[in-house]
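Peer 1: What would the 3D arrangement of this be:
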Amino acid sequence: MDESSGNLIIVSGMSGAGRSSVADVLEDLGWFVVDNLPPMFLTTIVEQIVGTGASPRLAIVVDVRTGMFFDELGSAIQDLRTKGYRPVTLFLEASDDVIVRRQESVRRPHPLQGEGRLLTGIQRERELLGDIRAGADMVIDTSNLNIHQLAAKIVNAFGDEDNAELRATVVSFGFKYGIPVDADVVADMRFIPNPYWQPDLRPMTGQDKPVSDFVLGHPLAQQFLQNYVDVLDTLRTGYLNEGKRFVTVAIGCTGGKHRSVAMAEEIGKRLREKGSPTLVVHRDLGRE
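Peer 2: Residues are numbered from 1 along each chain as shown. Coordinates of the predicted model:
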């Protein structure tokens, strides 16, 4: 049996990173969702639900709540591949401070905390999940995403459009706030003159036409766009050949307000024109 990677998702990731929210969105999209499944049952349930045609699309949430059984996840995924299934592995990530805030807000202990500190449980979980994260097909860092932005990413990745096409997320960001940890490729827009130094443009953002015109109108910006979109098109071909269906393109400038925003919008537009379903996210817009 050779099952397409478009109808089987394994969701894992850090506690507090949004697994339940993602499961809810997938359910709304028509996926059959199984939560908190011990890995030893992974192959069995896939064969029963996908293999028999009981449901065309199956998402399984597997995480450290399964306790000692979680260690079997890697071998369970390999067993699926041996039997001809091609699951997409989605890993949800978040920074320690964000996870701490989220865990405290729901007043629930971390599953690996035991009698120790919350941060100790988080560190143990990161160690346990290291191999799964490294081998994931798609990593989403939810640290700076609200529930609606996370939902938009899931809809973009797993909605009803043709699953054979590479799906892109273009993220604008400010270098002073750090590079997005889920970025596959990163480009630096600080070679373009900064609209910040234009008094009339300073209060605007890259989504405003005067700023966009200023940024995109620079000859180097146009040269970069032409060359970089060609590079991304080359990556698209290679990624698809290697079975990778998701790419996160991070576009940075100093503060994530002007240049990166305008360029991210334009890159997103050009990728859509080439046929890649693309979501544009402005991570640091409004942060200053």
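Peer 1: His110 and Gly121 touch, don't they?
Peer 2: Yes. In this structure His110 lies within contact range of Gly121 using Cβ atoms under 8 Å: 3.5 Å. Any C-beta I mention is one placed from the backbone N, CA and C, and that applies to glycine too.
Peer 1: after the helix or strand containing His148, next one along is what?
Peer 2: Using DSSP states H and E, His148 sits within helix 147-158. Per DSSP H and E, the first helix or strand lying C-terminal to helix 147-158 is strand 167-174.
Peer 1: other SSEs contacting that following strand?
Peer 2: helix 147-158, strand 246-253, helix 259-273, strand 278-282 (3 or more Cβ pairs under 8 Å, 6 or more residues apart in numbering; DSSP states H and E).
Peer 1: change it to 6 Å
Peer 2: For strand 167-174, the packing partners by 3 or more Cβ pairs under 6 Å, 6 or more residues apart in numbering; DSSP states H and E come out as strand 246-253, helix 259-273, strand 278-282.
Peer 1: Paired strands for that strand, with orientation please.
Peer 2: strand 246-253 (parallel), strand 278-282 (parallel) (DSSP bridges).
Peer 1: could you give the mean pLDDT of the helix or strand following that strand?
Peer 2: Going down the chain from strand 167-174, the next helix or strand is strand 185-188, by DSSP H and E. The average pLDDT within strand 185-188 is 97.
Peer 1: Pull up the pairing partners for strand 185-188, direction included.
Peer 2: strand 246-253 (parallel).
Peer 1: Between helix 147-158 and the partner strand, find me the angle.
Peer 2: 130 degrees (axes from the mean of the first three to the mean of the last three Cα atoms, to 10 degrees).
Peer 1: how close does the residue nearest to the spatial centre of the chain get to Ser75?
Peer 2: The centroid of the chain falls nearest to Ile140 when counting by Cα atoms, centre = their mean (2.8 Å). Between Ile140 and Ser75 the distance is 25 Å, computed by Cβ to Cβ, to the nearest Å.
Peer 1: can you pull the contacts of the closest residue to Val186 other than its chain neighbours?
Peer 2: Distances taken as Cβ to Cβ, 6 or more residues apart in numbering put Ala250 closest to Val186, at 4.6 Å, once the chain neighbours are dropped. Contacts for Ala250 were tallied using Cβ atoms under 6 Å, 6 or more residues apart in numbering; they are 171, 173, 180, 183, 186.
Peer 1: Now with 10 Å, please.
Peer 2: 169-173, 179-188, 260, 264, 281, 283 (Cβ atoms under 10 Å, 6 or more residues apart in numbering).
Peer 1: out of those residues, which are buried?
Peer 2: 169-173, 180, 182-184, 187, 260, 264, 281, 283 (16 or more other Cβ atoms under 10 Å).
Peer 1: which ones are touching the closest residue to Glu93 other than its chain neighbours?
Peer 2: Leaving aside its sequence neighbours, Glu93 sits nearest to Asp141 (Cβ to Cβ, 6+ apart; 4.6 Å). Residues in contact with Asp141 (Cβ under 10 Å, 6+ apart) are 13-14, 17, 91-95, 98, 171, 180-183, 248, 283.
Peer 1: Stretch 186-203: how far from the chain's middle?
Peer 2: 27 Å (Cα atoms, centre = their mean, to the nearest Å).
Peer 1: per-residue confidence at Met1?
Peer 2: pLDDT, Met1: 40.
Peer 1: ditto for Phe70
Peer 2: Phe70 is given a pLDDT of 66.
Peer 1: try Phe246
Peer 2: pLDDT, Phe246: 83.
Peer 1: For it, which non-adjacent residue is closest in space?
Peer 2: Met138 (4.2 Å).
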